[in-house]
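Engineer: can you look at this prediction? I've put the sequence above it.
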Amino acid sequence: MSDRDTREADVREADATAKAELAAEQEDEEQVEASSHIGAYSRKQAFALLKRLLAPYWPRVLATLGLMVCDIVGMLYVPTELSAMLNSAISGAGMDVVWRHGIAMLIAALVGSGGCIASYWVASRLAADIGRDMRIAVFARSLDMSTSEFATFGTASMITRTLSDVNVVQQAVLMTVTMVAPVPIVCVVSITLSASIDVVMGQLLAAVVVVMLAISVVAVVRSAPTFMMLQGFIDRMNVRLRESVTGARVIRAFGREDFERHRLNRTFDDYAKNAIRVNLVFAVTDSLTFFLMNIVEVLVMWVGADRVGAHAMQIGSISALVQYAIIILFFMMMAQFALIGMPRAAACLARAAQVLDVEPSIRDAARTLPAQEGCEEVARFCHASLRFEDASEDTLHDVDFPIMRGEMTAIIGNTGSGKSTIASMLLRLHDTTAGEVRVLGHDVRGMGLADLRAHISYVPQRAWLFSGTIAENLRHGREDATDEELWHALDVAQASFVRELPEGLEAPVAQGGSNFSGGQRQRLAIARALVRKADLYVFDDSFSALDYRTDAALRHALANELKDSAVLLIAQRVSTIRDAGRIVVLNEGRIVGQGTHDELMGTCGAYREIVLSQERGGGASDVR
C-alpha cells in the first residue's frame with residue numbers, strides 16, 4: 001500500500017471516528033436536555049407529591065416541631081440565664097441568686113438536649129418512612145406500566161429514580177425538618193430577646209439575618225439549574241456503565257475499547273464539571289458565612305461595649321448577645337446548607353412524580369370474571385390488532401386463531417413479524433387496539449391480572465434466572481412444590497445436568513443465571529414453567545439454544561406431560577414445530593397461513609420458503 005493510500009485510510013478512519021463521536025455527543029445532549037426539561041414539568045408536581053407523601057405523617061411532623069421548640073427554648077434560655085448570673089455577680093448579689101440562675105441553666109440545658117435528641121429521632125423516622133413510601137410507589141407504578149410505557153423511561157433511569165432520587169428526597173426531608181424549620185423560631189426569639197436587652201442590638205441581629213437570607217437566596221438561585229441537570233447526568237452514567245459492562249465482549253471483539261473509554265470519560269467529565277460548579281457555590285457560600293460569623297462577633301462586642309458605656313445595658317448582657325448571634329448564624333448556616341440541596345431534591349421529586357403521573361394503559365379489571373374450567377378452547381385471538389402509541393401502522397393486524405386443549409399450536413415467521421407480541425398479549429403485557437383476546441371463555445381485559453396469569457405458564461424469549469438456588473428459581477412457578485415435583489420438572493425439561501451438581505437443587509444461581517450456559521438456562525426456565533400446573537403453556541422461542549437431539553427429546557417429553565393442557569410454541573426452527581397440530585405463519589404482523597406442516601407446504605408460499613431456506617442451510621438457519 002502506498003503512502004497516499006495509507007493517508008487516505010487514516011483520514012477515512014478519523015472521519016468515521018469523528019462522526020461516531022458526534023453522534024454520541026448529540027445523543028448525550030438529547031438525554032441531558034430531556035432530563036433537564038423535567039424542570040419545566042416539575043415544581044407544581046413535585047410539591048404536590050411531597051404534600052401527598054407527608055399527608056399520613058402530619059401528627060409526626062407537628063410532634064417533631066414541638067420537640068424542636070423545646071430544644072430551641074432550652075438553647076436560648078441558657079445564655080439568657082448566664083447573662084443574668086453575670087450581671088447579678090457584678091452587681092454584688094448573693095450566692096443564692098447565682099445558684100438560682102445556675103440551676104435554671106441546668107434545667108434549660110436538660111430540656112434542650114432532650115428535645116434535640118427526641119426531635120432528631122422522630123425526624124429520622126419520618127424521613128425514612130417517606131423514603132420507603134416513595135420508593136414503593138415508584139416501584140409499584142413501574143410494575144403497572146406496559147412494556148412500551150416502561151421503555152419511555154429506560155431501565156437505567158428507573159433504577160436512578162427508585163434508589164438515588166429517593167435517597168436525595170429522604171435526606172432533604174430530614175434536613176428541612178431539622179435544619180430549616182427551626183430557623184424562623186430561632187431568629188424571631190433571638191431578635192426579640194436582643195431587643196428586650198437593647199433595641200440597637202436587636203436591630204443589629206435583624207440586619208445580620210437579612211444579609212444571611214440574601215446570601216442563601218443567591219446560592220440557591222445559582223445552583224438550582226445545575227442541580228436540575230445533575231440527575232440527568234447520573235442517568236447517562238448509568239446507561240454508559242451498563243452498556244460497557246454488559247457489552248464488554250462485543251467491545252473487545254470489535255476493538256472499540258478506546259472509543260468506549262473516550263465516551264465514558266466524556267460522560268464522567270460532564271458530570272464532574274457541573275458538580276464542581278455547584279461545589280464552588282457551596283465553597284463561596286460557606287466562606288462568606290464563616291467570614292460574616294466572625295464579623296458579627298466583632299460587631300456585637302464593639303457595639304455592645306459602646307452601649308454599655310452609654311449605660312444602655314449591663315456588661316453581662318454582651319455574653320447573651322454574642323450567644324444569640326452565634327446561634328442565629330449557626331442555624332442559618334445549616335439551613336443554607338440544606339437549602340442549597342433543595343433544587344436537587346425538587347428535581348428528584350419531579351422525576352418521581354413524572355413516573356407516578358403515568359396512567360397505565362393496562363389496568364387490572366375492577367370485576368374479576370370466573371374462568372370456564374375444562375374449556376376445550378383455552379385461548380383465542382378474535383380478529384385482534386395491536387398498534388403501539390408511537391407507531392404509524394399496526395404491529396399485528398386481524399390475527400384470528402384458536403389455541404385448543406391437548407393440542408400444540410405453533411407460530412413461525414420472519415424477524416419482526418410479531419410472534420413474541422402474541423405471547424405478550426396473552427399475558428396482557430399489551431392490550432389489543434381492535435378485536436379481542438379470549439382466555440378460558442373471557443376477554444382478558446375483563447379478567448383480573450393475577451387470575452389470568454395463574455392459568456398461564458410462560459417461558460420468555462430470554463431465559464432469565466434470579467440469584468439464589470435452583471430450587472428457589474423453580475418454585476417461582478409454584479411456591480409449595482415438593483422436591484419430587486421439582487426433580488420431575490427438571491427431568492421433563494431435559495435438565496439432567498442438575499443431578500450431576502454436588503449441591504443438586506441447592507446449587508447456587510448467579511444473577512441472570514450467568515453461571516450456566518445458554519442451553520442450561522433455557523432448560524431451567526422450561527422446568528420452572530412446568531412446575532406450575534396451568535391451562536396454557538407458552539414457549540416463546542425457548543428451544544433456540546438447544547441442540548437438535550435435546551430439542552427432539554424435550555418435545556417428546558412435553559407431548560406426554562402437557563397432553564391435558566394447551567401449548568403455544570413460538571420457534572425459529574421448522575424442525576421444532578413440524579409435528580404441531582396447528583401452525584400459524586406470520587408475515588409483517590398478518591397471518592398468511594394456518595394448518596399442519598403438510599397442508600402449509602402445499603398452500604402457503606411464505607412457510608414453504610422458510611422450510612426450503614432452512615433445508616438449504618442444513619436446518620441450522622436462524623430464521624425468525
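Structural biologist: Here it is on my side, so go on. Because the structure is a prediction, the values reported are computed rather than measured.
Engineer: CA atoms for contacts and neighbours, from now on please.
Structural biologist: OK.
Engineer: where in the protein is pLDDT low?
Structural biologist: 1-43, 92-93, 224, 227-228, 231, 365-374, 617-624 (pLDDT under 70).
Engineer: how about the strands in it?
Structural biologist: Listed in chain order, the strands of the chain (DSSP state E) span 377-386, 396-404, 408-413, 434-439, 442-443, 456-459, 468-469, 508-509, 536-540, 566-570, 582-587, 590-595.
Engineer: pipe the ones you listed into JSON lines and attach distance to T482 and mean neighbour count per row.
Structural biologist: What follows is the strands of the chain, written out as JSON lines (distance: least, C-alpha to C-alpha, whole Å; neighbours: other C-alpha atoms under 10 Å):
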{"stretch": "strand 377-386", "distance to T482": "27", "mean neighbour count": "21"}
{"stretch": "strand 396-404", "distance to T482": "29", "mean neighbour count": "20"}
{"stretch": "strand 408-413", "distance to T482": "28", "mean neighbour count": "26"}
{"stretch": "strand 434-439", "distance to T482": "29", "mean neighbour count": "22"}
{"stretch": "strand 442-443", "distance to T482": "32", "mean neighbour count": "18"}
{"stretch": "strand 456-459", "distance to T482": "18", "mean neighbour count": "23"}
{"stretch": "strand 468-469", "distance to T482": "15", "mean neighbour count": "16"}
{"stretch": "strand 508-509", "distance to T482": "18", "mean neighbour count": "18"}
{"stretch": "strand 536-540", "distance to T482": "21", "mean neighbour count": "25"}
{"stretch": "strand 566-570", "distance to T482": "24", "mean neighbour count": "25"}
{"stretch": "strand 582-587", "distance to T482": "34", "mean neighbour count": "24"}
{"stretch": "strand 590-595", "distance to T482": "39", "mean neighbour count": "19"}
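Engineer: who wins for proximity to A310 among those?
Structural biologist: A310 sits nearest to strand 468-469 of all the strands of the chain, at 79.7 Å, using C-alpha to C-alpha.
Engineer: what does the closest one contact?
Structural biologist: For strand 468-469, contacts defined as C-alpha atoms under 8 Å, 6 or more residues apart in numbering pick out L505, E506, A507, P508, V509, A510, Q511.
Engineer: tell me if I'm right that the first one and R475 touch.
Structural biologist: No. Proximity of L505 to R475 does not meet the contact threshold set by C-alpha atoms under 8 Å, at 10.9 Å.
Engineer: so how far is M404 from G418?
Structural biologist: 21 Å (C-alpha to C-alpha, to the nearest Å).
Engineer: oh sorry, the question was meant for R60
Structural biologist: Separation of R60 from M404 (C-alpha to C-alpha): 58 Å.
Engineer: can you check A493 too?
Structural biologist: Distance of A493 to M404, computed by C-alpha to C-alpha: 22 Å.
Engineer: what's the answer for L54, then?
Structural biologist: 52 Å.
Engineer: swap in A151?
Structural biologist: From A151 to M404 the distance is 33 Å (C-alpha to C-alpha).
Engineer: V217 now?
Structural biologist: Distance from V217 to M404, by C-alpha to C-alpha: 69 Å.
Engineer: got the strands of the chain as a markdown table, with distance to H262 columns?
Structural biologist: As requested, those are exported to a markdown table (distance: least, C-alpha to C-alpha, whole Å):
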| stretch | distance to H262 |
| --- | --- |
| strand 377-386 | 41 |
| strand 396-404 | 42 |
| strand 408-413 | 41 |
| strand 434-439 | 48 |
| strand 442-443 | 52 |
| strand 456-459 | 39 |
| strand 468-469 | 36 |
| strand 508-509 | 35 |
| strand 536-540 | 39 |
| strand 566-570 | 41 |
| strand 582-587 | 42 |
| strand 590-595 | 45 |
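Engineer: quick one: closest of those to L67.
Structural biologist: That would be strand 468-469 among these, by C-alpha to C-alpha, at 45.7 Å.
Engineer: for the closest one, what is the distance to the chain centroid?
Structural biologist: Chain-centre distance of strand 468-469: 24 Å, with C-alpha atoms, centre = their mean, to the nearest Å.
Engineer: may I have the strands that pair with it, each with its orientation?
Structural biologist: If you go by DSSP bridges, strand 468-469 pairs up with strand 508-509 (antiparallel).
Engineer: ok, and what's touching the partner strand?
Structural biologist: L465, F466, S467, G468, T469, I470, N515.
Engineer: ditto for stretch 140-160
Structural biologist: Counting by C-alpha under 8 Å, 6+ apart, 234-236, 238-239, 242, 355-356, 360-363, 388, 429-430 sit against stretch 140-160.
Engineer: 7 Å - rerun?
Structural biologist: Contacts with stretch 140-160, where a contact means C-alpha atoms under 7 Å, 6 or more residues apart in numbering, come from D235, N238, V239, L356, P360, S361, I362, L429, H430.
Engineer: what of stretch 83-98?
Structural biologist: Outside stretch 83-98, the residues within contact range by C-alpha under 7 Å, 6+ apart are H101, Q314, G316, S317, S319, A320.
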